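A.B. asks: Structure, please.
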Amino acid sequence: MRLISQDGMIDVPYDKVVIKATEYPFKTIISAFFEREDYMKDIVMGCYSTEAKALKVMEMLREKNFWDKGVFKFPADEEVEV
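C.D. replies: Below you'll find the predicted structure:
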């Protein structure tokens, strides 16, 4: 499965990255990073106005059928209802 960033500019393979949510003042960032030791840079996949929205998106990602060869695009902040 492919993961597409909120803005559509980043496309990464789900099975090669780790996804994490990190809280900052006034927003929560969902980022991906490759598990390789030589490449540990965070890649921002989505930015959400509340932790609850970011957690909802993480739940949506987990519920996606990973055996499907599909795509998961991180939704825009205003598209997430909690």
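
A.B. asks: the strands in the protein, which residues?
C.D. replies: Taking DSSP state E as the criterion, the chain carries its strands at 2-4, 11-13, 17-24, 27-34, 43-48, 71-73.

A.B. asks: Can you say which of those strands is packed in most?
C.D. replies: Across the strands of the chain, averaging neighbours per residue (mean count of other CB atoms under 10 Å) puts strand 43-48 on top, at a mean of 21. For the C-beta atoms, the positions are set from N, CA and C on the backbone; glycine is no exception.

A.B. asks: And that strand, what does it pack against?
C.D. replies: Other elements packing on strand 43-48 under the criterion 3 or more CB pairs under 8 Å, 6 or more residues apart in numbering; DSSP states H and E are strand 27-34, helix 51-63.

A.B. asks: Reformat the strands of the chain as TSV; add mean pLDDT and distance to Met60.
C.D. replies: Converted to TSV, the strands of the chain look like this (pLDDT from 0 to 100; distance: least, CB to CB, whole Å):
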stretch	mean pLDDT	distance to Met60
strand 2-4	93	12
strand 11-13	91	17
strand 17-24	90	12
strand 27-34	90	11
strand 43-48	94	11
strand 71-73	93	8
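
A.B. asks: Perfect, I'm done here.
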